[in-house]
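Enquirer: quick one: sequence plus predicted model below, questions after.
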Amino acid sequence: MPSGAAVLRRALVLWGTGHLALGDRRGWLLLLIQPLAIGGLVAVGVLVLQGSRWIALFPALALLIAVWLGQAMHAHRLAIRSGGAPGGEFQIVLALPLVVVLLSGFWLVGGSRSSPAAAVQHYVAAWQAEKPADAALLFAEPIDASALDAGWRAQRSHVEQVVRDAARRYGAQSGLDPEEPFNSLRFEVSSTSADRAVVQVEVVRRRRVETSLFGIIPTATQETVLVERLGEISLRARTAPLPDWLPLRINPGRLWLIDEVTLATGAG
């Protein structure tokens, strides 16, 4: 009779192999379900993970993790009940990092184009990281990554100049840092409809406002003040495309994509 530790280790790698080691034929069903479950979740995830229905994947991901760990622990208990040497429970802890990675990746990637704000956030993150190829995927129409990169350089130069000038004018308490110009940018959704949105891009600063508590105790607060409006980002929503090979017609939700980025470059 294999030990509980050996059975648990096998079951954590391949579903059902722990049961099969004990002669339990139910393991064959689990072994068959594993690739179907993982493959199905990945296929559906590719279609809807970035769109407006991304949160619907979370119960499926949670169920997948629960079945994975549940069948392994069940096989471990069967092994001990059948006379196998006890122990090995700590191996479940070794699987937790993978669970954390799966859940963290889901929350980081999920919904990246589910709203105008989310699409702009990922666009700006790609801009900061100088990854034009990633940002090009966020546009509704194909765009050349090299041309996008050239535009970024001109736009960033202008942002840095505006922040630098404003920092000299308003001082250190303004929160303006020419070394970190993106920290001074604000992205405000100025108009939106069912399938269109416009996001204003602005340089802002902090301003100290003197006030008092109960009209007696002097105090101060910080407020955000507009320095300069740089331009705007236009977006539109469209239904996420489905591949022709998909046998089931599901509703993948909508994706928000960038139509146009109109930002000042300071040229001329």
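Expert: Thanks, I have it.

Enquirer: show me where this structure has its strands.
Expert: 185-192, 196-213, 217-239, 254-263 (DSSP state E).

Enquirer: ok, which of these comes nearest residue 62?
Expert: strand 254-263 (24.1 Å; Cβ to Cβ). For glycine as for every other residue, the C-beta is placed from the backbone atoms N, C-alpha and C.

Enquirer: can you give me the helices in this structure?
Expert: With helices called from DSSP state H, the chain shows them at 4-13, 17-21, 26-48, 57-81, 91-109, 116-128, 132-136, 145-170.

Enquirer: so which bits of the last one are buried?
Expert: So the one you mean is helix 145-170. Burial within helix 145-170, assessed by neighbour count using 16 or more other Cβ atoms under 10 Å, is assigned to 148-149, 151-152, 155-156, 158-160, 162-163, 166-167, 170.

Enquirer: could you do the first one as well?
Expert: For helix 4-13, the neighbour count (16+ other Cβ under 10 Å) marks 4-12 as buried.

Enquirer: pLDDT weak spots in the chain?
Expert: Counting by pLDDT under 70, the chain contains low-confidence ranges at 210-220, 241-252, 266-268.

Enquirer: between the helices of the chain, which one is closest to residue 182.
Expert: helix 116-128 (5.5 Å).

Enquirer: please save the CA atoms from that closest one in CSV.
Expert: Output in CSV follows, covering the C-alpha atoms of helix 116-128 (Å, rounded to 0.1, in the frame of the first residue of the first chain):
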residue,chain,number,x,y,z
PRO,A,116,-12.8,53.1,-20.8
ALA,A,117,-10.8,53.6,-17.6
ALA,A,118,-9.3,50.1,-17.7
ALA,A,119,-8.3,50.4,-21.4
VAL,A,120,-6.6,53.8,-20.8
GLN,A,121,-4.9,52.5,-17.7
HIS,A,122,-3.3,49.6,-19.7
TYR,A,123,-2.4,52.0,-22.5
VAL,A,124,-0.6,54.4,-20.1
ALA,A,125,1.2,51.4,-18.4
ALA,A,126,2.5,50.3,-21.8
TRP,A,127,3.6,53.9,-22.5
GLN,A,128,5.5,54.1,-19.3
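
Enquirer: helices or strands next to it in the packing?
Expert: Contacts defined by 3 or more Cβ pairs under 8 Å, 6 or more residues apart in numbering; DSSP states H and E place helix 116-128 against helix 132-136, strand 185-192, strand 196-213, strand 217-239, strand 254-263.

Enquirer: dump the buried residues of helix 145-170 to JSON lines, plus distance to residue 37.
Expert: Output for the buried residues of helix 145-170, formatted as JSON lines (distance: Cβ to Cβ, whole Å):
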{"residue": "148", "distance to residue 37": "39"}
{"residue": "149", "distance to residue 37": "41"}
{"residue": "151", "distance to residue 37": "44"}
{"residue": "152", "distance to residue 37": "41"}
{"residue": "155", "distance to residue 37": "45"}
{"residue": "156", "distance to residue 37": "45"}
{"residue": "158", "distance to residue 37": "50"}
{"residue": "159", "distance to residue 37": "47"}
{"residue": "160", "distance to residue 37": "50"}
{"residue": "162", "distance to residue 37": "52"}
{"residue": "163", "distance to residue 37": "50"}
{"residue": "166", "distance to residue 37": "54"}
{"residue": "167", "distance to residue 37": "54"}
{"residue": "170", "distance to residue 37": "57"}
